Each structure stands twice: as structure tokens, then as C-alpha cells.
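Visitor: Need a 3D model of the following:
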Amino acid sequence: GLLHSMHQGGRMKEISIVGPHGIYKMIETVMQCSGGFEAYDLNVFEIERDGDVCEVEGIRIRAHQLSHSITTYGYVLEEPGRMGALNAEKARALGATGPQLGRLKFGEDVVTEDGKIIRSSDVVGESIIGKKIAIMQDTRDSSGAVDSCMDCTLLIHEATYDHTMHTKAIDRYHSTAFMAGQFARQVNAKQLILTHFSSRYGISCNHYKYKPNNKNEKSGDVAEAVA
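Guide: Numbers count the residues shown, from 1 in each chain. Coordinates of the predicted model:
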């Protein structure tokens, strides 16, 4: 349905899909049973085992098997880092000209016509670390992905139940909001988004701020959000 909706919305660019082994067959079967699909190309990457890595349009995606009643994977998406910005004004003031500016930008030191050495590190800012997004869905334990999730820019984690239903969450292979907050604290996530709420909670919610490595404003402990 989503793939057809995007086509109806005018999408023509190919789309990449990453999922567990068998997802290609599932998509193919659905398309055949629903009249076919001749909109845009689909690039399907199938995960075969825990720790598999693929690269899609420059984004590195690592899969980690989660603890659930069926085989389920969490995904960590990382964009590549970027070189720091060149201070062209400073470089020119030091005597750099023309192609030398590009060489400085890419980390090469240059020598001016009068023999002066301009070091790239003196005119180029610090490298920019790429963003990292971790998606942990359908799991009662995400510990297998700790290393990959460390210092992530954004953590999206399931929170099917509130903390009062911890035992039920474990029995049903899901997480509470408190468990998600604990994991966010463990991996030093910069931002946490909770999702996959049980329908029992309706549309109302209590709102608390999650602060990495700081005390929660509500209880002095890990952030708890109830949706």
C-alpha cells in the first residue's frame, strides 16, 4: 500500500528496502496478488544474520537481532562524516591561491610561492561527525545493539507498556517506556522517541523530558513516558 501510495504521489525514483530474509518474496507475492507493480525500481536488501551490514545511497545500515518471539532486527543507520569547513579568507591571507585552496580543504599542506608552508589543520575546521539513527522495534532486550547504538543522534525505541506492566512486557517480548529510557541512557542517545504503544493508552499522554546523563525532571531517574 505504501509503495503504491508513493507512486500515486508522483514518486519515480527507485527506493531501497532493508529487511529480514524473505522480505523480497513477501513483496513479490503481495505485488502479484494485487495487480503487479510497474512504477519505480525496488532495491531489496535481505538480512541473513545478526551484524549484517549494507550500504544504501551512502548510508551504512547495520542489523542487530533483538529479543522477540519471532526473528526481529533492529537497525542502526549511519551517515558518513564530512570534512570541516575551509576558512578561505584566512587561507588567502596566509598566501594560498587557486587550486591550493582545494588541496587545503582535503587535508593537504601547501607551499606558497615565497616558500611559506600553510598547514591544512590551521585553516580547516574540525571534521563533522555524521548522524546516527538507531531503530529498535519489537524487543524486550536491545542489549545486543549497544555498541552500534552508542552516542547515537536519535534512538527510536518501542514502548508498548508503561512501567507498571513490566512483567507483562517481558512475558510478551516487548519493552516499557522505562526500559527504553534506560537503554537510551546506556547508549548516551542524544534524543529518544518512543513508539509502538499499546492501544490501551488511548491518545492522552504525560510528557517528561529525557536528558542524556542527567537526572529526570520528574523522578530523578531515567525518563518515563506514558502514551
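Visitor: Tell me who's in contact with the residue nearest to Met12 when sequence neighbours are not counted.
Guide: Nearest residue to Met12 in three dimensions, chain neighbours excluded: Tyr40, at 5.4 Å (Cβ to Cβ, 6 or more residues apart in numbering). (C-beta placed from N, C-alpha, C; glycine too.) By Cβ atoms under 8 Å, 6 or more residues apart in numbering, the residues touching Tyr40 are 7, 11-15.
Visitor: what's the most distant pair in these?
Guide: Greatest spatial distance among these (Cβ to Cβ): His7 and Glu14, at 11.6 Å.
Visitor: quick one, which of those two is more surrounded?
Guide: His7 (15 against 11; other Cβ atoms under 10 Å).
Visitor: from the chain's centre, how far out does the helix or strand hosting that one sit?
Guide: Here His7 sits within helix 2-8, counting by DSSP states H and E. Its chain's C-alpha centre and that of helix 2-8 lie 24 Å apart, by Cα atoms, centre = their mean, to the nearest Å.
Visitor: So which bits of that helix are buried?
Guide: Within helix 2-8, the residues that qualify as buried are Leu3, counting by 16 or more other Cβ atoms under 10 Å.
Visitor: What of stretch 95-103?
Guide: Buried residues in stretch 95-103, counted by 16+ other Cβ under 10 Å: 95-96, 100-101.
Visitor: what pLDDT, on average, does that stretch get?
Guide: Averaging pLDDT along stretch 95-103 gives 94.
Visitor: Over to stretch 200-214?
Guide: Rounded mean pLDDT across stretch 200-214 is 67.
Visitor: Stretch 32-42 now?
Guide: On average, stretch 32-42 scores 84.
Visitor: Show me the buried residues of stretch 95-103 that map onto helices.
Guide: 100-101 (DSSP state H).
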